[in-house]
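> Return a 3D structure for these sequence lines:
(4 chains)
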Number of protein chains: 2
Amino acid sequence: MSVQMVAARAHENDVRASTVVEAMRLFAAHGFEGTALQDIADAVGVSKPAVLHHFPSKEHVRQAVLDEILSHWNEALPRLLLAATGSGDRFDAVFGELYRFFSNNPDRARVVAREMLDRPGELRKLLRGSVKPWLGAVAGYIRAGKERGLHYADVDEEAYLIHILLLVITATASATVTSSALETDPRSRHDRYDRELARIARASLFPSVPAALNPKKAAGDSRKRKAPR
Amino acid sequence: MSVQMVAARAHENDVRASTVVEAMRLFAAHGFEGTALQDIADAVGVSKPAVLHHFPSKEHVRQAVLDEILSHWNEALPRLLLAATGSGDRFDAVFGELYRFFSNNPDRARVVAREMLDRPGELRKLLRGSVKPWLGAVAGYIRAGKERGLHYADVDEEAYLIHILLLVITATASATVTSSALETDPRSRHDRYDRELARIARASLFPSVPAALNPKKAAGDSRKRKAPR
DNA sequence: CCTACCGATCGGTAGG
DNA sequence: CCTACCGATCGGTAGG
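From the prediction side, this is the model:
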């Protein structure tokens, strides 16, 4: 392979990779319909036909963006399942992995949220193949925890996980709206909503929040509760 | 006013009103960018210039759709606040009103969800003026309930309500995705996810779910819990 | 990978 | 002169 060929291959991969990066950013911000191929080409710094040289059509660019997200999800999957089996704060570990997956790159959440609205059927297939295994496994752990009396007996594991997943996606996708809608201090807003998000997920699963998982509050008197029966 | 004038006025209102109806449906399904003025005109059954006679621009159609949603929200507001002050199952009453507002017309949820993604800044202003008052009032009731020991002491009222609002919007907006993603029986799916949604909202607010609110399960032994301390 | 284009369709507006 | 529209077409841009 000549030096020129290697350089060309490297350049080709650069254009391809940065097209996916820029397209994800643009699709997240303006949607698929709201993004022109020219916008992507401009962001990458090449011509529109150059983009269409790497991807047969705009639809292929979309698929590459979704594949990129899916690939990172499958990469995070082992960590997610490992977190579920590990001892200790398993809930915080799993929720943390899930939350970080989207909050580390909110564009992922925005693209997925848009796909939910634009093409529910296509996203359904994608979820069946990629989210269902994770969901089934984690649901199994919740079911086991239920039998040990750790969780509410009336939790619908799959529905619970779907709702929490949706909540994490929506919260990270719309962080700018939710936070600045009411908050004036930019520093406090993020922690506030993140903490409440985790609290909702935890408190709707565990009848009693272990004090160890909630170091911010005093253990005993902070939570008043009626005795059962 | 002549018969002809009355007829013309009525027709004018018909076109205007049904334009808003059809535009909301199309914007919900395909987004603002994904909907052509011609699509709206076709759905109404008039020409494209006819639509532009009633609305100076496509942007005005969008604003009319948002105004329609906002108007129904303001119409539902008294019921929402009344539900919060009433005796008995106040939580179920408020949550029910909120849930019905979107589930009765899922296109409202989809349009709002799209606005969150497309124009977070504009939606922020809209929320400030229209959701904040409701939010402040209901947050006040939660604060009062906290002092009476009804709720978790570490609930962030505003953040909790925003997340629940987002969850209701997302769940109703993506009902087709969430339900059919895992479920095969089309009858069971809706109730399942709706029930779990309400359960999450309730259980993350009330340390102990009153048996009266959960008739599906036996009262005493269905929920095993550690004694606090 | 570029310039130079295509059939079509975009939002919006002309004269009648 | 008004209204509520029409058929045709405007300048630009879409994907290809």
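
> Does residue A:110 lie in a helix or a strand, and which?
In the assignment (DSSP states H and E), residue A:110 maps to helix A:106-118.

> ok, and does that helix reach over to chain B?
Yes: judged by CB under 8 Å from any CB of the partner chain, helix A:106-118 and chain B are in contact via A:110, A:113-114, A:116-118. C-beta here means a position set from N, CA and C on the backbone, and glycine is covered the same way.

> what helix or strand is the residue nearest the centre of chain A on?
Centroid check for chain A by CA atoms, centre = their mean gives residue A:102 as the closest residue, at 3.3 Å. Following DSSP H and E, one finds residue A:102 within helix A:90-103.

> what do you get for residue A:73?
Here residue A:73, judged by DSSP H and E, is contained in helix A:58-85.

> avg pLDDT for that helix?
What helix A:58-85 shows for mean pLDDT is 88.

> same deal with stretch A:98-111?
95.

> mind checking the end-to-end distance for that stretch?
Start and end residues of stretch A:98-111 are separated by 16 Å (CA to CA, to the nearest Å).

> Could you export stretch A:43-54 as CSV, CA atoms only?
Extracted in CSV, the C-alpha atoms of stretch A:43-54 (Å, rounded to 0.1, in the frame of the first residue of the first chain):
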residue,chain,number,x,y,z
ALA,A,43,-19.7,21.3,9.4
VAL,A,44,-17.4,18.6,8.2
GLY,A,45,-15.7,21.1,5.8
VAL,A,46,-16.3,19.2,2.6
SER,A,47,-18.8,19.6,-0.3
LYS,A,48,-22.2,18.0,-0.3
PRO,A,49,-21.3,15.5,-3.0
ALA,A,50,-18.3,14.5,-0.9
VAL,A,51,-20.7,13.5,1.9
LEU,A,52,-22.7,11.6,-0.6
HIS,A,53,-19.6,9.8,-1.7
HIS,A,54,-19.2,8.2,1.8
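
> Could you list the residues in contact with it?
Contacting residues not belonging to stretch A:43-54 are listed as A:12, A:15-16, A:18-19, A:22, A:25-26, A:37-38, A:40-41, A:61 [CB atoms under 8 Å, 6 or more residues apart in numbering or on different chains].

> List the buried residues in it.
Buried residues in stretch A:43-54, defined by neighbour count with 16 or more other CB atoms under 10 Å in any protein chain shown: A:43-44, A:46, A:51, A:54.

> cool, and stretch A:133-151?
Going by neighbour count (16+ other CB under 10 Å), the buried part of stretch A:133-151 is A:134-135, A:138-139, A:141-142, A:145-146, A:150-151.

> returning to that earlier point: could you give the angle of the helix holding residue A:102 to helix A:58-85?
160 degrees (axes from the mean of the first three to the mean of the last three CA atoms, to 10 degrees).

> For residue A:96, give its distance to residue A:71.
For residue A:96, the distance to residue A:71 (CB to CB, to the nearest Å) stands at 21 Å.

> more crowded one of these two?
residue A:96 (16 against 11; other CB atoms under 10 Å in any protein chain shown).

> For chain A, what lies in contact range of DNA strand C?
A:11-12, A:14-15, A:46-50, A:53-54 (CB under 7 Å from any atom of the strand).

> Wait, residue A:126 touches residue A:67, no?
No: look at residue A:126 against residue A:67 with CB atoms under 8 Å: they stay out of range, at 9.8 Å.

> More neighbours: those two, which one.
A direct count of neighbours by other CB under 10 Å for residue A:126 and residue A:67 places residue A:126 higher, at 19 against 12.

> Helix, strand or coil: sort out that one for me.
Under DSSP: H, G, I helix; E, B strand; the rest coil, the three-state class of residue A:126 is helix.

> give the contact list for it.
With contact taken as CB under 8 Å, 6+ apart, residue A:126 is in contact with A:66, A:70, A:115.

> Show me just the buried residues among those.
Buried members of these, counted by 16+ other CB under 10 Å: A:66, A:70, A:115.

> ok, for residue A:101, nearest residue in space, not its chain neighbours?
Spatial nearest neighbour of residue A:101, excluding adjacent residues (CB to CB, 6 or more residues apart in numbering or on different chains): residue A:76 at 5.2 Å.

> How many neighbouring residues does the one you found have?
For residue A:76, using other CB under 10 Å, the count is 17.

> distance of it from DNA strand D?
To DNA strand D, residue A:76 is 31 Å away according to CB to the nearest atom of the strand, to the nearest Å.

> again, but for residue A:165
For residue A:165, the distance to DNA strand D - CB to the nearest atom of the strand - is 30 Å.

> try residue A:155
44 Å.

> For that residue, what is the enclosing helix or strand?
Using DSSP H and E, residue A:155 sits in no helix or strand.

> Might one say that it is in contact with residue A:205?
Yes: look at residue A:155 against residue A:205 with CB under 8 Å: they come within range, at 6.4 Å.

> Overlap in contacts, the two.
Common neighbours of residue A:155 and residue A:205 (CB under 8 Å, 6+ apart) are residue A:142.

> How about the residues of chain A by DNA strand D?
Near DNA strand D, when you scan chain A using CB under 7 Å from any atom of the strand, you find A:35-39, A:48-49, A:52, A:57-59.

> Of the residues you listed, just say which sits nearest to chain B.
If you rank these by distance to chain B using CB to the nearest CB, residue A:35 comes first, at 8.7 Å.

> lowest average confidence, helix or strand, in chain A?
In chain A, the helix or strand scored least confidently by mean pLDDT, DSSP states H and E is helix A:175-182, which has a mean of 60.

> after that one comes which helix or strand?
helix A:186-203.

> and the residue of chain A at minimum distance from DNA strand D, backbone torsions?
Nearest to DNA strand D in chain A, going by CB to the nearest atom of the strand, is residue A:36, at a distance of 2.8 Å. In terms of degrees, to the nearest 10, the main-chain angles of residue A:36 are phi -90, psi 150.

> What degree of burial does it show, as a neighbour count?
Residue A:36 sits with 13 neighbouring residues when counted by other CB under 10 Å.

> Please name the residues that touch it.
Contacts of residue A:36 (CB under 8 Å, 6+ apart): none.

> And it, how far from residue A:107?
Here residue A:36 is placed at a distance of 18 Å from residue A:107 (CB to CB).

> How about residue A:78?
23 Å.

> Same check on residue A:134?
Per CB to CB, residue A:134 is found 21 Å from residue A:107.

> and if you look at residue A:95?
Taking CB to CB as the measure, residue A:95 falls 21 Å from residue A:107.

> same question, residue A:39
Counting by CB to CB - residue A:39 and residue A:107 are separated by 15 Å.

> Okay, now the unreliable bits of chain A?
A:1-13, A:86-88, A:176-190, A:208-229 (pLDDT under 70).

> domain parsing for it?
According to automatic domain parsing, chain A comprises the domains A:1-55, A:65-212.
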